[in-house]
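Visitor: build me a model from this:
(one chain, ligands or ions: 2)
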Amino acid sequence: MADNAAVAQAIARHHAEMVQQLSTLTEQLTHVIRHGDAWQDVRDQIQGYADRELLPHAAAEESTLYARGRDDATLIPLIESLLAEHRALRRWRNRLVEALDAAEALLAAGALRALFTEHAGKEESWLLPGLVRRDVDLETALGAMRSALAGS
Ligand SMILES: [Fe+2]
Ligand SMILES: [Fe+2]
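Guide: Ligands and ions are numbered 1, 2, ... in the order given. Predicted coordinates for the structure are as follows:
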């Protein structure tokens, strides 16, 4: 049986890396805008990061961790709310891409960062312990997530 606590820690570490990267990029965007420099390159980097890391991570969770959690009726409202946040992340990513000026880009980047930070915390505080309580083998779930990511 996998060490579920260690797997939950690995997921939390990955979340922390993503939060850190989003924060760094959002600070860079703030910096270039404040100095009146071109902002589009940093915006493109944030979009690239969302497309390479954040959104594939969200999609992989939906087909693995969330799917397993649905076996427990008490977890369904939580999973529905997490799914709504994934949809909101995708909408903010699109708002970022469609930004017509620096203000719109910064609004979208800030929203993406804030939402992802709270969302990841919710998964760590509520979803992962809920899955552990049901004896879901997180190691297998994480392996399935990695396979889903490799195939994306
Ligand atoms: Fe998520
Ligand atoms: Fe996550």
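Visitor: can you tell me how far the residue positioned nearest the centre of the chain is from residue 111?
Guide: Computing the C-alpha centroid of the chain and ranking residues by Cα atoms, centre = their mean puts residue 54 first, at 4.6 Å. According to Cβ to Cβ, to the nearest Å, residue 54 stands 13 Å off from residue 111. Just so you know, the C-beta spots here come from the backbone N, C-alpha and C atoms, and that holds for glycine as well.
Visitor: quick check: residues of the chain near ligand 1?
Guide: The interface of the chain toward ligand 1, taken as Cβ under 5 Å from the ion, is made up of 58, 61.
Visitor: and the longest helix seen in the chain, what does it pack onto?
Guide: Across the chain, the longest stretch assigned as helix under DSSP state H is helix 4-34. Helices and strands touching helix 4-34, by 3 or more Cβ pairs under 8 Å, 6 or more residues apart in numbering; DSSP states H and E, are helix 40-49, helix 102-122, helix 128-133, helix 138-150.
Visitor: identify the residue nearest residue 72 in space, chain neighbours excluded?
Guide: residue 134 (5.3 Å; Cβ to Cβ, 6 or more residues apart in numbering).
Visitor: likewise for residue 120?
Guide: Nearest one to residue 120, counting by Cβ to Cβ, 6+ apart, is residue 15 at 3.8 Å.
Visitor: do residue 74 as well
Guide: Using Cβ to Cβ, 6+ apart, the closest residue to residue 74 is residue 130 (7.6 Å).
Visitor: the one you found and ligand 1, how far apart?
Guide: 14 Å (Cβ to the ion, to the nearest Å).
Visitor: wait, that residue touches residue 69, no?
Guide: Yes. Counting by Cβ atoms under 8 Å, residue 69 is a contact partner of residue 130 at 6.4 Å.
Visitor: quickly list what's touching both of the two.
Guide: Common neighbours of residue 130 and residue 69 (criterion: Cβ atoms under 8 Å, 6 or more residues apart in numbering): 75, 78.
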